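[1] below are the sequence and a predicted model; questions follow.
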Amino acid sequence: MEQLKEELDALKLQLGQIKKDDSSQKFVFTPKPRKVEKFSGRKGEGQSVYEFIDDIVRVLKTRPTSNEEKVDYLISHLDGPAKEEIRYRAPSLKKDPQQVLDILRETFGEKSTASELTADFYSTKQEENQSLQEFSHVLMRKLDKIGQVDHTFISEPERTLRNQFAENVFDKWLRRELKKSLRSRPSITFNELREEAVVLSLDREVHSPRRTPKHEASVYTEAASDSAMVNLIKEMRDELSSLRSEVKELQKTKSTPKEWTQRKERKCYECHEPGHLKRNCPKAKTVTLNTDCLLSRAGQ
């Protein structure tokens, strides 16, 4: 911004010097007549009906001819649906240029009333991701539509546009600063106020500390909550694992009465070893065989 101002000041000095050097010479600037484009009435094609009317009225004022000739000139600059609309109208409804222009305005102009357009204008607010320039252009376009439908509906367009811009910028701090400027400088223009808004916004971004947006704070809160939940789940899992280990150990050491009885009944009374009965004890057979051998030897 500062760089642009410096360049502008330098150019102004250069321009002043040139004017000073050429003060002895006088030039007369004659603007080139603007060519009137044909109006078709198709949406998205060429100029709007209001732009066409402004251009054609300006040209007709410079033509000292009869109404009939002016109507012919006007119709010669129509094309497509617009030309067909005028062609099929009754001759009594197109005797002078104003009647033809009224037909075009009624057929191809804005369908909303001035009141409806004004209500839409006053309800327009800057969106969160919309730049100040874009917001100002939206307001200017909507105000221009109101003037096209009825140029007397808003008595002070410049002041209305300026106040609406200051009242509806998205940033609350900037909105407050712009209102202060309006109170301190009641004669400030819309362009001056918009430029001030841009400068204030840029200056705040450069010098003010970065603030954590609400959505970031929400993310941090959710992250903290998730961390606490993870810790809680971990503690519960550790406790559950400890309980399982304890139950497993108890299952290993615990014996039921049936199992103890079966082990006791299967204990051998001969050798006192588990796993078999006395009649099946291998040691008892060995003892019996040895006794028979000794008795047979004694009888001999």
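    Received the coordinates, thanks. Numbering: from 1, shown residues only.

[2] quick one: contacts for the residue nearest to Ala82 when sequence neighbours are not counted?
    Computed as Cβ to Cβ, 6 or more residues apart in numbering, the closest residue to Ala82 that is not its neighbour in sequence is Gly41, at 3.7 Å. Just so you know, the C-beta spots here come from the backbone N, C-alpha and C atoms, and that holds for glycine as well. Residues in contact with Gly41 (Cβ atoms under 8 Å, 6 or more residues apart in numbering) are 49, 80-82, 85, 104, 107-108.

[3] got the domain ranges for the chain?
    For the chain, automatic domain parsing gives the domain ranges 49-108, 114-207.

[4] in TSV: those domains, plus mean pLDDT, mean neighbour count and distance to Cys268.
    TSV is the format used below for these (pLDDT from 0 to 100; neighbours: other Cβ atoms under 10 Å; distance: least, Cβ to Cβ, whole Å):
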stretch	mean pLDDT	mean neighbour count	distance to Cys268
domain 49-108	90	15	118
domain 114-207	90	15	92
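
[5] and those domains as TSV, adding distance to Gly275?
    Below are the domains of the chain laid out as TSV (distance: least, Cβ to Cβ, whole Å):
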stretch	distance to Gly275
domain 49-108	112
domain 114-207	86
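
[6] the ones you listed: which one's closest to Glu270?
    Glu270 sits nearest to domain 114-207 of all the domains of the chain, at 97.1 Å, using Cβ to Cβ.

[7] what's the closest of the contacts of Gly41 to Gln133?
    Val49 (27.3 Å).

[8] ok, the nearest residue to the closest one once chain neighbours are set aside to Ser48 distance?
    Residue nearest to Val49 in three dimensions, not counting chain neighbours: Phe108, with 4.3 Å by Cβ to Cβ, 6+ apart. Using Cβ to Cβ, to the nearest Å, one gets 8 Å for the distance from Phe108 to Ser48.

[9] Asp96 now?
    23 Å.

[10] same deal with Ser181?
    Ser181 is 34 Å from Ser48, by Cβ to Cβ.

[11] repeat that for Leu174.
    33 Å.

[12] mind listing what the residue nearest to Val49 touches?
    39, 41, 49, 81-82, 85.

[13] make a markdown table from these and add secondary structure and distance to Leu132 to it.
    A markdown table is the format used below for these (DSSP: H, G, I helix; E, B strand; the rest coil; distance: Cβ to Cβ, whole Å):
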| residue | secondary structure | distance to Leu132 |
| --- | --- | --- |
| Phe39 | strand | 34 |
| Gly41 | coil | 35 |
| Val49 | helix | 31 |
| Pro81 | helix | 39 |
| Ala82 | helix | 37 |
| Glu85 | helix | 41 |
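
[14] can you add distance to Pro157 and give those back as a markdown table?
    Below are the contacts of Phe108 laid out as a markdown table (distance: Cβ to Cβ, whole Å):
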| residue | distance to Pro157 |
| --- | --- |
| Phe39 | 25 |
| Gly41 | 27 |
| Val49 | 20 |
| Pro81 | 31 |
| Ala82 | 28 |
| Glu85 | 30 |
